[in-house]
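Student: Provide a 3D model corresponding to the input given below.
(one chain, ligands or ions: 1)
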Amino acid sequence: HQGHFSWEKYLKETGSQPAPPHCFRQSCSPPSNDYKIGMKLEAQDPRNTTSTCIASVVGLTGARLRLRLDGSDNKNDFWRLVDSSEIQPIGTCEKNGGMLQPPLGFRLNASSWPMFLLKTLNGAEMAPAKIFHKEPPSPPQNHFEIGMKLEAVDRKNPHFICPATIGEVRGSEILVTFDGWRGAFDYWCRYDSRDIFPVGWCSLTGDNLQPPGTKVAIPKSPLPAAGIATSMMRGPKNLLPAVPGGKRGKPGRKKGQLSKALIHQ
Ligand code: MLZ
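Tutor: Numbering: from 1, shown residues only. Take a look at the predicted model:
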């Protein structure tokens, strides 16, 4: 569900342009997601990328899968596009002469891995090869420009895809800035990252696009209530900078801690 956020309205309000689809390493029509919860597949271990592991689909969102490595805990789930090159049908690793590995942080003794593998695959529903999609090719060069709008995975909260703006371009790197979050979630990535999508992607895939944040100008005074009052006095649009320098907060609280806490709420 997309809340009440409308790109059309937002682009008008902000007088901005979406990054054209040819900028992205995404297929122009999003791939279908024919996976089911519980299906197993092979995935690269995100914490140890030389390992191929068994993963189970524990969630589906738009063109993405929420994956959990078998033998891992439930605190390290990760999300992959159905056309990611980091997932493949069970059997691929062996076919290529590789060996399936236990995930980093395997919850049992390493010596029990062979038996664990046998048991986890026994009677498992394996994702059929036909529902995997080929990864789209990378655009030949970086076509992004500062100010262009996009949808991007929040890497600190990777289940979220959020409205974002290109903040800087340097060679093949781009700065993805999240609208309304004052830099707290921004990151640099390559222009052909799989974590960024053209405007409208989520509405095509049925993924959930978060609305922009509202932290355009965070009150920097020690008490939230006082902060709201002072930010209101600073002007209707909260566009003036916070009081520069000086002591903020009670003694004992580190400078910047409160505003950080507010940003991350
Ligand atoms: N910290 C918030 C999520 C903020 C998401 C911001 N995305 C750019 C929370 O945990 O609810």
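
Student: please count neighbours and contacts with C-alpha atoms only from this point.
Tutor: Noted.

Student: where does the stretch 101-250 of the chain dip in pLDDT?
Tutor: By pLDDT under 70, the low-scoring segments of the stretch 101-250 of the chain are 217-250.

Student: pull up the residues of it that are close to the ligand.
Tutor: 154, 162, 178, 185 (CA under 6 Å from any ligand atom).

Student: tell me the most packed of those residues, by neighbour count.
Tutor: residue 178 (27 neighbours; other CA atoms under 10 Å).

Student: any idea which element the closest residue to it other than its chain neighbours lies in?
Tutor: Once flanking residues are discounted, residue 178 sits nearest to residue 164: 4.4 Å by CA to CA, 6 or more residues apart in numbering. Using DSSP states H and E, residue 164 sits in strand 161-170.

Student: give the buried residues for that strand.
Tutor: 161, 162, 163, 164, 165, 166, 167, 169 (16 or more other CA atoms under 10 Å).

Student: ok, which pair from those residues is furthest apart?
Tutor: The distance between the two most remote of these (CA to CA) is 20.8 Å, for 161 and 169.

Student: and the contacts of stretch 122-134?
Tutor: The contact list for stretch 122-134 (CA atoms under 8 Å, 6 or more residues apart in numbering) reads 31, 33-35, 38-41, 82-85, 88-90.

Student: and those, which of them are in strands?
Tutor: Per DSSP state E, strands hold the following members of the contacts of stretch 122-134: 40, 41, 88.

Student: now the helices for the stretch 51-200 of the chain?
Tutor: 92-95, 113-121 (DSSP state H, counting those that start in this stretch).

Student: please save the CA atoms from the shortest one in PDB.
Tutor: Coordinates of the C-alpha atoms in helix 92-95 are reproduced here as PDB (Å, rounded to 0.1, in the frame of the first residue of the first chain):
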ATOM      1  CA  THR A  92      23.600 -24.800  -9.700                       C
ATOM      2  CA  CYS A  93      26.500 -24.700  -7.300                       C
ATOM      3  CA  GLU A  94      27.200 -28.400  -7.600                       C
ATOM      4  CA  LYS A  95      26.800 -28.300 -11.300                       C
END
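
Student: which of the residues in that helix are buried?
Tutor: In helix 92-95, counting by 16+ other CA under 10 Å, buried: 92, 93.

Student: okay, how far is it across stretch 35-50, tip to tip?
Tutor: Using CA to CA, to the nearest Å, one end of stretch 35-50 lies 25 Å from the other.

Student: please begin residue numbering at 58 from this point
Tutor: Got it, first residue is 58 now, which makes that one stretch 92-107.

Student: in it, what's buried?
Tutor: Those would be 92, 95, 96, 97, 98, 99, 100, 101, 102, 103, for stretch 92-107 by 16+ other CA under 10 Å.
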